[in-house]
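A.B. asks: Everything below, folded, please.
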Amino acid sequence: MDIKEIKALADVLNKMNLSELEVCEGDKKIVMKRQISAVPVAPATVEASSQKQEVTMLKDEGIIIKAPFAGVFYASSSPKSQPFVKIGQNISKGDVVCIIEAMKLMNEITTEISGTIIEICAQNESIVEYGQTLLRLK
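C.D. replies: Residues are numbered from 1 along each chain as shown. Okay, here's the model as predicted:
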């Protein structure tokens with residue numbers, strides 16, 4: 001693991017508000033821990049291999065779907081597969097709109113709203129940052 005990967009892990013630890021993160025890669029293992037203040041919170045539900053994205057509605061720009069974390073954006077499940085979404089396509093709540101690879105894990109990004117794709121802002125196989133606009137809907 002290089003320093004960029006370690007920094008990305010630390011970012012995930014903080015942004016996802018985790019108390020511990022353990023990653024094994026071959027014979028290498030890294031464990032990160034941080035102390036979280038004892039504030040009572042409702043239990044969170046976790047979806048295996050599926051992440052919900054941040055949605056922002058802007059008056060002039062439509063509905064913006066943002067990256068929930070940094071990683072590599074994939075428009076389809078494999079290089080030879082059709083993209084998950086196309087411009088003009090209607091999508092429904094729960095549909096997979098893309099994959100973001102983070103720390104060698106493929107995370108399906110699902111939508112929490114229905115709408116029509118008006119723009120795909122991220123390029124296939126490009127690096128996206130946390131909060132970066134991925135798609136615009138109307």
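A.B. asks: So which residues of the chain form helices?
C.D. replies: 3-15 (DSSP state H).
A.B. asks: Please enumerate the strands of it.
C.D. replies: 20-25, 28-33, 50-52, 54-58, 62-66, 71-74, 90-91, 96-102, 105-110, 115-120, 127-128, 133-137 (DSSP state E).
A.B. asks: any low-confidence regions in this structure?
C.D. replies: 1, 36-61 (pLDDT under 70).
A.B. asks: can you list the domains in it?
C.D. replies: Here the domain parsing of the chain from automatic domain parsing is 3-33, 50-137.
A.B. asks: end to end, how far does the first one reach?
C.D. replies: So the one you mean is domain 3-33. 17 Å (C-alpha to C-alpha, to the nearest Å).
A.B. asks: how about it: buried residues?
C.D. replies: Across domain 3-33, burial judged by 16 or more other C-beta atoms under 10 Å covers A8, L9, V12, L13, L21, V23, M32. Where you see a C-beta, it was placed from the backbone N, CA and C, and this is true even at glycine.
A.B. asks: can you redo the strands of the chain as a markdown table with distance to P83?
C.D. replies: Below are the strands of the chain laid out as a markdown table (distance: least, C-beta to C-beta, whole Å):
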| stretch | distance to P83 |
| --- | --- |
| strand 20-25 | 29 |
| strand 28-33 | 34 |
| strand 50-52 | 18 |
| strand 54-58 | 20 |
| strand 62-66 | 15 |
| strand 71-74 | 9 |
| strand 90-91 | 12 |
| strand 96-102 | 8 |
| strand 105-110 | 13 |
| strand 115-120 | 8 |
| strand 127-128 | 15 |
| strand 133-137 | 11 |
